[in-house]
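Undergrad: got a predicted model here, sequence first, then my questions.
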Amino acid sequence: GGRVVGELDYVLADDIAKSQGCTDGDRYAMSKTLYETIFGPAPPKNNMKENSVLVSSVIKEQGLAKIDAEERNNVFWNQISTKAAFSQSRFHLTSTARDIIAEVIITLGLPKTTAMQKN
């Protein structure tokens, strides 16, 4: 079997389930990093640890890591699905720049089927 190593906050649950990375996982990690750089971190869910956890998807911990990653993925996807998520940034942005950056983050970060539905 394969092995996925990365910070749980930036790993797709599907990558953990398959024990291998993919381009969708890379796109997700890139969009989340870009979002957090410009707009700040996503608020943690009540039952999640605030700090990132290094995940190694070996067989015995794979199920729990996948469930935790799914929750974190969903929190981020729900957050970037609202206009309010892009209302305040760490930088002075024009509304046009903010909208372009938001579109890049949404296009990169959402699963392909969801991103296509938004267009």
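TA: Alright, I've got the coordinates.
Undergrad: what sits against the closest residue to residue 29 other than its chain neighbours?
TA: Spatial nearest neighbour of residue 29, chain neighbours left out: residue 10 (4.2 Å); criterion: CB to CB, 6 or more residues apart in numbering. To be clear about C-beta, it is placed using only N, CA and C from the backbone, and glycine gets the same treatment. If you count contacts by CB atoms under 8 Å, 6 or more residues apart in numbering, residue 10 has them with 28-29, 32-33, 52.
Undergrad: quick check: the gap between residue 10 and residue 33.
TA: 7 Å (CB to CB, to the nearest Å).
Undergrad: same check on residue 95?
TA: On the measure of CB to CB, residue 95 and residue 33 end up 23 Å apart.
Undergrad: more neighbours: which of those two?
TA: The residue with more neighbours, out of residue 95 and residue 33, is residue 33; 15 against 8, by other CB atoms under 10 Å.
Undergrad: name the SS class of the more buried one, please.
TA: helix (DSSP: H, G, I helix; E, B strand; the rest coil).
Undergrad: equivalent analysis for residue 6, please.
TA: Residue 6 - assigned by three-state DSSP - is strand.
Undergrad: residue 107 versus that one, what's the distance?
TA: For residue 6 relative to residue 107 (CB to CB), the value is 22 Å.
Undergrad: so which of these two has more stuff around it?
TA: Counting neighbours by other CB under 10 Å for residue 6 and for residue 107 shows that residue 6 has the greater number, 19 against 15.
Undergrad: is the more buried one in contact with residue 29, as I believe?
TA: Yes. Residue 6 is in contact with residue 29 according to CB atoms under 8 Å; the separation is 7.5 Å.
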